[in-house]
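Asker: Here is a sequence with its predicted model. Questions after.
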Amino acid sequence: MLQFWRVLYWLFFPLFQLTVRVLALFSPKVRLTLKGRQQLFEQLECAIASMPESNVLRVWIHAASVGEFEQARPLIQRLRNELGARVFVSFLSVSGYEARKNYPDADLVCYLPEDTERNAARFIELLRPSLLLVMRYDFWFNHLFTAREHGVELILVNAVLSERSTYLRPVVRSFYKQIFLLFDKIFTVTPADTQRFKAAFGIQSVEAIGDTRYDQVWQRSQSRKSIARFEPFFHSRKVLVAGSIWPADVALLIPAFARLKQSLRCSTPNLSLILVPHEVDAATVAHLQALLQRYGFSSEKASALPADFSAEKVLIVDEIGYLAELYALASVAFVGGGFGKNVHSVLEAAAHGVPVVYGYRIKKSPEAQELAASGGGTVVHNGTELYNALYKYFTDDAARQAAGNCCAAHVRSRLGATEKILQHLLPRQNSLSTNAPVSKP
């Protein structure tokens with residue numbers, strides 16, 4: 001069956017490549033992704049040639065985009081610090097690569113080459129990894145198969161498999177069974193995920209260890225370096241931080257906050273708002289500024305923050321990379337996406353021990369569902385419910401503290417996945433530390 005899917009993939013992948021190039025005519029992101037892969041191998045050859053030769057563990061980590069990379073951060077740091085590993089990070093998306101191309105704890109950050117047999121072989125021969133960690137998903141058949149052929153140990157991290165997963169559909173299921181059988185080990189988030197992998201694909205080398213995202217958000221919650229320039233402005237104020245917001249969120253949030261500001265003008269005059277749009281392009285920021293002005297708010301952009309900034313104004317964070325740390329300034333957090341396709345990560349806010357409010361589209365976010373069940377998250381369905389939740393938390397200190405404690409406890413109780421993965425790798429350190437993986441029979 002493996003050979004059948006190899007041949008079918010070989011036949012149909014050129015059609016996929018053609019489709020991508022047609023899409024590039026209409027999508028700037030797709031164009032940038034293709035442009036980023038131009039002369040990729042020449043750049044890789046130069047970068048790797050400049051690295052000193054050493055007989056250390058060489059680890060390749062693949063992430064689809066920024067979110068999956070964030071799951072890998074605690075692993076990367078411990079691989080470097082405790083195992084002395086050389087770490088290579090590949091991205092599928094242009095947004096992931098651009099956001100983390102200068103990540104200091106990786107020896108190399110690059111795009112994943114297009115998934116042809118020739119590219120996969122050349123990529124493996126350049127990196128010479130002993131270990132490949134794929135974060136959650138984004139499976140490219142030729143890269144995985146070629147890595148396996150070259151003796152690379154394949155591990156899938158933070159794997160999830162819902163009852164309605166696309167992987168379980170007829171025909172598709174047969175293909176993904178061959179994909180998952182290529183992995184030496186699959187670490188799932190929950191025991192239910194483990195059971196589904198075993199039942200659906202007959203895979204035994206699968207184990208539930210939790211989610212490294214909890215380790216990552218907790219670790220980032222302990223750092224305030226990236227937000228030091230903002231802290232003096234919001235000291236001793238009550239702050240609503242709204243992260244990863246989209247127009248559908250903003251349409252409800254700003255009127256609710258305006259109403260809240262009016263209601264609390266006497267009892268809580270020191271109320272501030274920080275907006276962090278999911279997209280930070282000029283058009284999005286201009287739309288935010290116009291809407292704020294319509295409701296009587298002045299605003300400033302983080303990229304041009306004046307030295308005399310007043311927290312009476314709304315701060316619009318038109319930069320990327322430090323939303324997780326910004327929640328440290330929050331008394332209450334609002335996480336966007338829940339009035340659109342699906343809520344974004346609620347864990348970054350929860351790790352700071354503050355109440356988290358979000359829209360009702362949470363079907364694809366188990367952590368948002370669990371946080372709500374714990375009493376730390378509040379799901380709202382409309383502007384009135386949003387106002388009521390904010391009013392409650394900004395007027396009832398006990399309720400705010402109780403919900404925040406539930407959030408922090410929820411995150412703390414799920415720490416440790418990174419440690420379990422490291423314990424799995426430690427006995428293999430000596431055998432994996434090689435510059436020349438050998439092909440498996």
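Answerer: Cool, got the structure. Model, not experiment: these values are computed from the prediction.
Asker: Strands of this structure, start to end?
Answerer: 58-63, 86-91, 108-111, 131-135, 153-159, 185-188, 206-208, 238-245, 271-277, 299-301, 314-316, 332-335, 356-359, 377-380 (DSSP state E).
Asker: Export only the CA atoms of the top helix by length along the chain, formatted as CSV.
Answerer: Ordering each helix of the chain by length in residues (DSSP state H) puts helix 2-23 first. What follows is helix 2-23, C-alpha atoms only, in CSV (Å, rounded to 0.1, in the frame of the first residue of the first chain):
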residue,chain,number,x,y,z
LEU,A,2,2.9,2.4,0.7
GLN,A,3,4.2,1.9,-2.9
PHE,A,4,0.8,2.5,-4.3
TRP,A,5,0.5,5.9,-2.5
ARG,A,6,4.0,6.8,-3.5
VAL,A,7,3.2,6.3,-7.2
LEU,A,8,-0.1,8.1,-6.9
TYR,A,9,1.5,11.0,-5.1
TRP,A,10,4.3,11.2,-7.7
LEU,A,11,1.6,11.4,-10.4
PHE,A,12,-0.6,14.0,-8.8
PHE,A,13,1.9,16.3,-7.1
PRO,A,14,2.8,18.2,-10.3
LEU,A,15,-0.9,19.1,-10.6
PHE,A,16,-0.7,20.5,-7.0
GLN,A,17,2.4,22.5,-8.0
LEU,A,18,0.5,23.9,-11.0
THR,A,19,-2.5,24.9,-8.8
VAL,A,20,-0.2,26.7,-6.4
ARG,A,21,1.3,28.7,-9.2
VAL,A,22,-2.1,29.7,-10.5
LEU,A,23,-3.1,30.8,-7.0
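Asker: Now do that helix: everything it contacts.
Answerer: Contact with helix 2-23 is made by 30, 34, 114-117, 141-142, 145, 174-175, 178, 181, as judged by CB atoms under 8 Å, 6 or more residues apart in numbering. Every C-beta, even on glycine, is put in place using the N, C-alpha and C of the backbone.
Asker: And the nearest residue to Lys185 once chain neighbours are set aside, how close does it get to Leu181?
Answerer: Excluding the flanking residues, the one nearest Lys185 by CB to CB, 6 or more residues apart in numbering is Ile155, at 4.8 Å. Using CB to CB, to the nearest Å, Ile155 is found at 14 Å from Leu181.
Asker: who has more neighbours, the two?
Answerer: Each of Ile155 and Leu181 has its neighbours counted (other CB atoms under 10 Å); Ile155 has more, 21 against 14.
Asker: Do a quick rundown of the helices in the stretch 251-400 of the chain.
Answerer: For the stretch 251-400 of the chain, the helices defined by DSSP state H, counting those that start in this stretch occupy 282-294, 323-326, 347-350, 366-374, 383-395, 397-412.
Asker: The fourth one - what's its average pLDDT?
Answerer: Okay, so that is helix 366-374. For helix 366-374, mean pLDDT is 95.
Asker: just checking, Tyr391 touches Ser263?
Answerer: Yes: Tyr391 lies in contact with Ser263 (CB atoms under 8 Å); the separation is 6.6 Å.
Asker: Which residue would you name as the spatial centre of this protein?
Answerer: In the chain, the centroid-proximal residue (CA atoms, centre = their mean) is Gly67; its distance is 1.2 Å.
Asker: mind listing what the nearest residue to that one once chain neighbours are set aside touches?
Answerer: Nearest residue to Gly67 in three dimensions, chain neighbours excluded: Ser345, at 7.0 Å (CB to CB, 6+ apart). Residues in contact with Ser345 (CB under 8 Å, 6+ apart) are 67, 213, 217, 244, 335, 367.
Asker: redo that, cut-off 10 Å
Answerer: Shown in contact with Ser345 (CB atoms under 10 Å, 6 or more residues apart in numbering): 67, 70, 213, 217, 243-244, 323-324, 335, 337, 365, 367-368.
Asker: Just the buried ones out of those residues, please.
Answerer: Buried members of the contacts of Ser345, counted by 16 or more other CB atoms under 10 Å: 67, 70, 213, 217, 243-244, 323-324, 335, 337, 365, 367-368.
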